[in-house]
Each structure stands twice: as C-alpha cells, then as structure tokens.
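*Asks:* structure of the sequence below:
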Amino acid sequence: MRVFGLFVLCIAASLQAAVSGDSQIRAKAGPSEIVITTTSRLAGAIHSLTWNGREFIDSADHGRQLQSASNFDVGSQFIPETFNPTEAGSRIDGVGPNSTSVLHALTAKGNVLSTENQMAFWLQPGEKSFGNLAKNTTALSNHLLKKRVTIGVHGLPHAIGYDVTFTVPKREHHRYAQFEAVTGYMPPAFSKFWTYDPTKKKLLSLSDGPGEQSLPVIFSTLDRQHAMGVWSPAQPSKGFERAGYGRFRFKEEKVVKWNCVFREAHPTGVPAQDYSYRCYVLVGSLKNVTDTINALHQRSPPIDKDKN
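*Replies:* Reported below is the predicted structural model:
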C-alpha cells in the first residue's frame, strides 16, 4: 500500500508538472490583431505581445516579460528584491528553458487568457542583490498569482483588461507589501516616455526618471505609431498618492520598463489574504492609447479611497 501511495503521489506530481504554459490569444485592434503569447519556459507569463508588425515585449531572461511580482519587508527594513515572488521565475533561471515558478493552471480561448501560478523568489537562498542578502529560505514561495487577461474590453479594442489576484500565505509576517500588478519590459525602440492626465486630456513628455508618479505612463516609438501604456481606476494607493506608475530606462541592458504598483502598509502586519487589482494595458498608436485612456476614465473614474 505504501508503494502504491508513493506511485499515486508521483503520478499527481507529474500531472501537475505537465501543465503547459504554451498558449496564444488574439483579437482585432484597428489595422492589426493584438496577439499575446505565453510559454512554459516562463510558467505561463507573457512572453510576447505583437501589434501591427512590431514586438512590444523584451523577454530575454525570467525577470522581464509582461508579468507580475511582489515585494515584502518580512517585518524588517524593506529592501527590494530580497523577498520578491516573481511570476516568470528566478534570477538564476536566466535565459534557460525552465522556470523555478510552478504553473498550476492555464486556459486560453479567443481573446481571454487565465493562469494560476506559484511564484518563485527572484533570489535563491543565500544570493544577494546589490549587496543585500535574500530573506527567503526557499527557492519557491507559497505566494500564488491568478491573472485574467482580456484583449478588447468595454467595446475598446486597444484596451487589454489585466486582472490579478495575489494570495499572501499564512505564517509570514510583513508590515509592508508592494504589489507590481503588471510590468512591461519593452525593446529600446520604445524610447519616448510620456505621461497622460485624462482629467485634463493633457499629454506631456516624461523624463527618464527613474521612479514613480501618480499619472499613467506611456512608451512610444519616435514616430508615435506604436505605443503601450497602463492605467488603473484604483491608482494611487491610499497613503502613497504620489506614486503608482513607474518608468525606467536601462541603457546597458537595452530595455525600458514601466509598471503599475500598489502598496499595503499595516503596522501590526499585512493580513494573509487575497489582494486583487485591475489595470488596463493600452496598445496601439500613441493616439489610440490616449483615446482609450480617455474612454476608460470616463467609464470608470478613479476610486475615491476616502469614501471606502
């Protein structure tokens, strides 16, 4: 019976490992389709997004992509990357074919993608980031990520609904949590940074930063024919009103990055529970992107957190 039980456990483990991360969804947006591709190599994270003849995503290692991640303080000083569950995998996974993260479920049909992922820590136990030692003691975290990605929402073909739920497990103590609901690492051809105020309908050039601000960011090519931006009606997080949307240019690595970040701070401890966020990723020309942010803003104005 013990041998049989071990056999069943092995079969169950192999079935779990056999969940494929290879999928594709698509939908028409103006002159072209938006096509999103995921891979097993990245445990179901988004490897590619194309529109109108151009690739929008840099997917060189396991930390770029279009994906989600979180960072925690572990009840001590907050140091980025030292306790950093990451959807696509660990730093050690590099440019290799496998991910330390575990994909539990994936469905892709038409224009809708859904995944459930157990996130790996970015650092292995004992590794350092910028001289700071990892706080995690395992390679695989107990943090779960569910995402639902829908190309074309609310009758807006250039809007991608990006819904994520982070599950913070029990038996961990954190006073501060930082949820990168979605980040996009893009090729350096998207060299022009913009910020857009949908209340004033005002587009302004944005410096390299790096850092965050309270207004959405957009990256475009110099000719403005290809652009990607992000907007959320839930931004900014209460208590962090000057942050939420980040932009970064990594010249040596030849990649640019934007993100949409939410924060939870609790002096007695961040509750172990689900944390859900909705963002919209906008894809098209620069005009397509700003027009779509306007439409979304009119439909779903930012949430007044003082009333909640």
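
*Asks:* now for V230, how many residues are close by?
*Replies:* For V230, the count of nearby residues is 27 (other CB atoms under 10 Å). The way it works is simple: take the backbone N, C-alpha and C, and place the C-beta from them, glycine included.

*Asks:* what of the one 5 residues further on?
*Replies:* Other residues near Q235 number 23, with proximity taken as other CB under 10 Å.

*Asks:* and it, what pLDDT?
*Replies:* pLDDT recorded at Q235 is 96.

*Asks:* going forward, begin numbering at 37 instead of 1
*Replies:* Sure thing, new numbering starts at 37, so read that last one as Q271.

*Asks:* in a strand, that's where it is, yeah?
*Replies:* No - applying DSSP: H, G, I helix; E, B strand; the rest coil, one finds Q271 to be coil, outside a strand.

*Asks:* my guess is it contacts G282. True?
*Replies:* No - counting by CB atoms under 8 Å, Q271 does not reach G282; the two are 11.4 Å apart.

*Asks:* mind listing the helices in the chain by residue range?
*Replies:* 38-53, 322-335 (DSSP state H).

*Asks:* weakest of the ones you listed by average pLDDT?
*Replies:* Averaging pLDDT over each of the helices of the chain puts helix 38-53 lowest, since it has a mean of 46.

*Asks:* point out where the chain drops to low pLDDT.
*Replies:* Counting by pLDDT under 70, the chain shows low-confidence ranges at 37-54, 337-344.

*Asks:* relative to the biggest strand by length in it, what are the paired strands and their orientations?
*Replies:* In the chain, assigned by DSSP state E, the strand with the most residues is strand 176-189. Strand 176-189 has its sheet partners listed here by DSSP bridges as strand 148-157 (antiparallel), strand 192-203 (antiparallel).

*Asks:* redo those strands as JSON lines? Include distance to T136 and mean neighbour count.
*Replies:* Converted to JSON lines, the strands paired with strand 176-189 look like this (distance: least, CB to CB, whole Å; neighbours: other CB atoms under 10 Å):
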{"stretch": "strand 148-157", "distance to T136": "4", "mean neighbour count": "24"}
{"stretch": "strand 192-203", "distance to T136": "18", "mean neighbour count": "22"}
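
*Asks:* dump the ones you listed to a markdown table, plus distance to V266.
*Replies:* As requested, these are exported to a markdown table (distance: least, CB to CB, whole Å):
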| stretch | distance to V266 |
| --- | --- |
| strand 148-157 | 17 |
| strand 192-203 | 8 |
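
*Asks:* those: which one's closest to S59?
*Replies:* strand 148-157 (6.5 Å; CB to CB).

*Asks:* distance from the chain centre to that closest one, please.
*Replies:* 11 Å (CA atoms, centre = their mean, to the nearest Å).

*Asks:* tilt between the longest strand of the chain and helix 322-335?
*Replies:* On the basis of axes from the mean of the first three to the mean of the last three CA atoms, to 10 degrees, strand 176-189 is oriented at 100 degrees to helix 322-335.

*Asks:* may I see the buried residues of strand 176-189?
*Replies:* Using 16 or more other CB atoms under 10 Å as the test for burial, strand 176-189 gives 177, 179-183, 185-189.

*Asks:* among these, which two are most distant?
*Replies:* Pairwise across those, and taking CB to CB, the largest span is found between S177 and G188, at 32.7 Å.

*Asks:* what ranges does the stretch 237-344 of the chain have for its strands?
*Replies:* According to DSSP state E, counting those that start in this stretch, the stretch 237-344 of the chain carries its strands in the segments 238-241, 247-249, 253-256, 263-267, 281-286, 291-301, 310-320.

*Asks:* just checking, what packs against the last one?
*Replies:* Translated: strand 310-320. strand 82-87, strand 192-203, strand 212-222, strand 263-267, strand 291-301, helix 322-335 (3 or more CB pairs under 8 Å, 6 or more residues apart in numbering; DSSP states H and E).

*Asks:* what would the ones you listed look like in JSON lines with distance to N147?
*Replies:* Compiled in JSON lines, the helices and strands packed on strand 310-320 are given as follows (distance: least, CB to CB, whole Å):
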{"stretch": "strand 82-87", "distance to N147": "13"}
{"stretch": "strand 192-203", "distance to N147": "9"}
{"stretch": "strand 212-222", "distance to N147": "17"}
{"stretch": "strand 263-267", "distance to N147": "17"}
{"stretch": "strand 291-301", "distance to N147": "21"}
{"stretch": "helix 322-335", "distance to N147": "16"}
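
*Asks:* which one of these is the most hemmed in?
*Replies:* Across the helices and strands packed on strand 310-320, the average number of neighbours (mean count of other CB atoms under 10 Å) peaks for strand 263-267, which reaches a mean of 26.
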